[in-house]
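Participant: just need the structure, nothing else, for what follows:
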Amino acid sequence: MKTYLPTLMGSPLSETGADNPRAAPSPSVHDHYSGMISEEEFQVLLADRGTHSKGPGTIVRHPVIRARDADARSRAAGGAASRFRTSARAVSPDAPPLVVAFTKMQGLGNDYVYVEEFKKPVNDPAALAVAISDRHFGVGGDGLVLIGFSKTADFRMRIFNADGSEAEMCGNAARCVGKYVFEKGFISRPSFSLETLAGIRGIRLEFKGRTVERVRVDMGKPNLVPSALPMLADGNSFINREIPVNGKLYRATAVSMGNPHLVVPFFGIDSLNLPLIGPAFERHPLFPRGVNTEFIEVRDRNRIRMRVWERGSGETLACGTGACASLVACALNGLTEYKATVELPGGELAVEWDAQGVVHMTGPAGFVFSGEYYMT
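Facilitator: All right, here's what the predicted structure looks like:
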C-alpha cells in the first residue's frame, strides 16, 4: 500500500503562536507519524520545504486537496488572494496519484466540482465524480461538471452526480459554467450557447462591473408527455394525478426539463422528512431511470417555496431545473402566474415561462476555491 505524506508548497511549515492565530495547538508531527515513516524520511520531507522539525505545534496539512480560496481569502486580505497549497509526496517508488486540477463553484449552495476538458478528456468521469464529491475524503460537492469546447455550440457541459450517474441537465451548473468561461477568459461575449445532454441552451450574463453577478439560462420548452421523462404512465400528460408512495397517495405533476421531475404540492415542507420520503420517490417503479422530486408550497401567485430531492445526489440546497419544473407545474394547475420567484434553501431564482413556451431561469453563481485533487 502506498503512503502519501503531506507537505507544504509555497510556504514553510510554521509553529503556532501570536503570529499565526489560525493555527491551533497540535501534537508533535513526530508523534503524528510515529510508526508510519522513519526519522530520516521525515527530515527529508521537511528539508524538501526548506525547514526542519520544530516539535509540538508544527503544522502539516491534509494531503488530499491543494487549494486556494480565491474569493474568501481575497476579501479577507483586502486585495489579491493569498495562496496556501498542500501536496502529497509518495514514499513508495510507485507511480504518483492522478492529479486533477479543479474549481469548486456553487449556485445557491448547489455545489459542484468543475474540471476543464479543453486540452484533454477526463478518463472515467463517473469514478472521479464519486471520489471527488465525497465531503470527507474528497473535495466535496453534489457532483462533478466537465467543461469543454463543443462541435455544435460554443461550449459543452457534462454533469455527473455524486453517485457517478450522468445527468442530462443542471440549471445551477449552467449558470456556474457561464461565470467560469467568461471570468477565466475563454469568451468575451455576454451571451453564448452551451451543449448539454438535454440539448443546446442559451446563456446570457449579467454584470456588476466586470464580474458576472447573475446568469440567465434559456432552459428550453418543458415536455409533459410521460414517456419523455421517462415515466410509465398512460395519457399525454401527468398533471395533478395521484401517485402511491410508501402507502400514501400524493397528487403530483410530471415535467421534463430535459431531465425528469415530479412536482408535489405539500403543506409544511419544513417539517418534511426528506431523507425518508425522497428515496421512495426517486426510485419509484413508475420512473425506470429515477426522478428528481420537488416538494412545493405556493405562498402567493408570484412566489413558490421548494425543497428538492435530486436523483443521484439526495437533498440539495437548490435545483435550477427543479425550480423551472415547479413553476410550470404551478402554472398548469392555476396556482401561480407564468412568472414567479422560487425560494430554495440556498436562495432565490427568478423563473419565467414565456409566450413561446420557453422557460427562462436567472440567478447567481459563485466561485468557492480552486486547487488540485489527488486521486489514489
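Participant: what stretches of this structure score poorly on pLDDT?
Facilitator: 1-95 (pLDDT under 70).
Participant: again, only this time at 80
Facilitator: Within the chain, the segments meeting pLDDT under 80 span 1-97, 376.
Participant: geometrically speaking, which residue is the centre of it?
Facilitator: Nearest to the geometric centre of the chain sits Y112, at 2.0 Å (C-alpha atoms, centre = their mean).
Participant: so what's that residue up against?
Facilitator: 104-106, 141-145, 159, 170, 172-173, 176 (C-beta atoms under 8 Å, 6 or more residues apart in numbering). For glycine as for every other residue, the C-beta is placed from the backbone atoms N, C-alpha and C.
Participant: most neighbours among the residues you listed, which one is it?
Facilitator: Using other C-beta atoms under 10 Å as the neighbour criterion, N172 leads these with 35 neighbours.
Participant: that residue: helix or strand, and which one exactly?
Facilitator: helix 171-183 (DSSP states H and E).
Participant: list the buried residues for that helix?
Facilitator: Of the residues in helix 171-183, those buried under the neighbour-count criterion (16 or more other C-beta atoms under 10 Å) are 171-182.
Participant: equivalent analysis for stretch 332-345, please.
Facilitator: 332, 335-336, 340-345.
Participant: sorry, back to before: the residue nearest to the centre of the chain and V368, how far apart?
Facilitator: Distance from Y112 to V368, counting by C-beta to C-beta, to the nearest Å: 10 Å.
Participant: give me the common contacts of these two.
Facilitator: Joint contacts of Y112 and V368 (C-beta under 8 Å, 6+ apart) are 104-106.
Participant: need those residues in JSON lines (columns: secondary structure).
Facilitator: As requested, the shared contacts of Y112 and V368 are exported to JSON lines (DSSP: H, G, I helix; E, B strand; the rest coil):
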{"residue": "K104", "secondary structure": "strand"}
{"residue": "M105", "secondary structure": "strand"}
{"residue": "Q106", "secondary structure": "strand"}
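Participant: which of those sits closest to Y374?
Facilitator: K104 (15.3 Å; C-beta to C-beta).
Participant: so which of the shared contacts of Y112 and V368 is the closest to L197?
Facilitator: Here the nearest of the shared contacts of Y112 and V368 to L197, counting by C-beta to C-beta, is M105; it sits at 19.6 Å.
Participant: pretty sure the closest one contacts D111?
Facilitator: Yes: if you go by C-beta atoms under 8 Å, M105 and D111 touch, sitting 7.0 Å apart.
Participant: what is in contact with the two at once?
Facilitator: V368.
Participant: quick one: the helices in the stretch 251-376 of the chain?
Facilitator: 274-282, 320-332 (DSSP state H, counting those that start in this stretch).
Participant: deepest-packed of these, please.
Facilitator: Comparing those by mean neighbour count (mean count of other C-beta atoms under 10 Å), helix 320-332 ranks first with a mean of 28.
Participant: centre of the chain to that one, how far?
Facilitator: Computed by C-alpha atoms, centre = their mean, to the nearest Å, the chain-centroid distance of helix 320-332 equals 21 Å.
Participant: just stretch 369-376 next, same as before
Facilitator: 15 Å.
Participant: give me the buried positions along it.
Facilitator: 369-374.
Participant: could you do stretch 304-324 as well?
Facilitator: Those would be 304-314, 316-324, for stretch 304-324 by 16+ other C-beta under 10 Å.
Participant: closest to R299 out of the contacts of Y112?
Facilitator: Of these, the one sitting nearest to R299 (C-beta to C-beta) turns out to be N172, at 21.7 Å.
Participant: ok, the closest one - contacts?
Facilitator: N172 neighbours (C-beta under 8 Å, 6+ apart): 106-108, 110, 112, 318-320, 363, 365.
Participant: closest one of the buried residues of helix 171-183 to I200?
Facilitator: For the buried residues of helix 171-183, the nearest to I200 is A174 (11.1 Å; C-beta to C-beta).
Participant: find the residue closest to that closest one in space, skipping its chain neighbours.
Facilitator: Nearest non-adjacent residue to A174, counting by C-beta to C-beta, 6 or more residues apart in numbering: V217, 4.8 Å away.
Participant: distance of that neighbour relative to L229?
Facilitator: Distance of V217 to L229, computed by C-beta to C-beta: 20 Å.
Participant: go on, R305?
Facilitator: 24 Å.
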